[in-house]
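Engineer: got a predicted model here, sequence first, then my questions.
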Amino acid sequence: MNDMKKIKLILILLLLFATIGCSFNKESDNQNSSETTNSNEVIKSVKAIINGKEYIISLENNETSKSFVNYLPQELKMNELNGNEKYVYLDKSLPTNASNPKRINAGDVMLYGDNCLVIFYKSFDTSYSYTKIGHIDNLPDLGSDNITVKFEQLKD
C-alpha cells in the first residue's frame, strides 16, 4: 500500500471514531438530563390542611415558591391578625421579590418580609408589600382563632 492510501485510510478511521464518540456522548448527555429532570421535578401545588379540610395552593412560578416547597412538609401554628389573615414567622428566610399588590384577595398566600408566611382569608386593599407564593381557591373565613396548618408537597 502506498503512503497516500495509508493516510486516507487513517483519516477515514479517525473520522469514523470521532463520529462514534460524538454519538455516544450525546446519548450519555440525554440520559443525564432526563435523570436530572426526574430528580428535580417541579412542584406546581401544595396541600394545606386547615381545620381538618384539605386545600390546594396553586403556586407562583418564582424563587420564593420554590424555596417554600423545599421547606415542606411543615405543621405550623398560625396566629390571627386583623380579622383577615393568619400568619407565622418561619424559622428560615426565603428569597423575596416584594411588591405592593394594591389588593389582597381571599386565598392569597404571601410572604411578608423574608420569613413571615401569611394566608389571607378576606379580600381588602393594602399599602403593604408582599412576595406572592400562591393562591387557595374558595378559602372560607378562617375565624378569629389561631389555627394549625399542615403544608405538604403535591406532585402534579
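Structural biologist: Done, it's in.
Engineer: in what helix or strand does Val69 lie?
Structural biologist: helix 63-70 (DSSP states H and E).
Engineer: all helices for the protein, in order.
Structural biologist: In chain order, the chain shows helices spanning 3-39, 63-70, with DSSP state H as the criterion.
Engineer: where among those is the average confidence lowest?
Structural biologist: Set side by side, these give their lowest mean pLDDT on helix 3-39, at a mean of 51.
Engineer: list the residues that contact the closest residue to Met110 other than its chain neighbours.
Structural biologist: Leaving out its chain neighbours, the residue that sits closest to Met110 by C-beta to C-beta, 6 or more residues apart in numbering is Tyr130, at 3.8 Å. In short, each C-beta sits where N, CA and C put it, glycine included. For Tyr130, the contacting residues are 98-101, 104, 110-112, 118, taking C-beta atoms under 8 Å, 6 or more residues apart in numbering as the criterion.
Engineer: nearest to Lys86, of the residues you listed?
Structural biologist: Comparing these against Lys86 with C-beta to C-beta picks out Val118 as the nearest, at 7.1 Å.
Engineer: for that closest one, name its beta-bridge partners.
Structural biologist: With beta bridges defined as DSSP bridges, Val118 has these partners: Tyr87, Met110.
Engineer: tell me which of the contacts of Tyr130 is nearest to Ile50?
Structural biologist: Val118 (13.7 Å).
Engineer: verify the contact between that closest one and Glu85 for me.
Structural biologist: Yes: Val118 lies in contact with Glu85 (C-beta atoms under 8 Å); the separation is 5.3 Å.
Engineer: give me the buried positions along stretch 129-145.
Structural biologist: 130-136, 139, 142 (16 or more other C-beta atoms under 10 Å).
Engineer: over to stretch 107-124?
Structural biologist: Residues of stretch 107-124 classed as buried: 107-112, 117-121 (neighbour count, 16+ other C-beta under 10 Å).
Engineer: averaged pLDDT, it. What do you get?
Structural biologist: For stretch 107-124, the mean confidence score works out to 98.
Engineer: run the chain-centre distance for that stretch.
Structural biologist: Per C-alpha atoms, centre = their mean, to the nearest Å, the displacement of stretch 107-124 from the mean C-alpha position of its chain is 17 Å.
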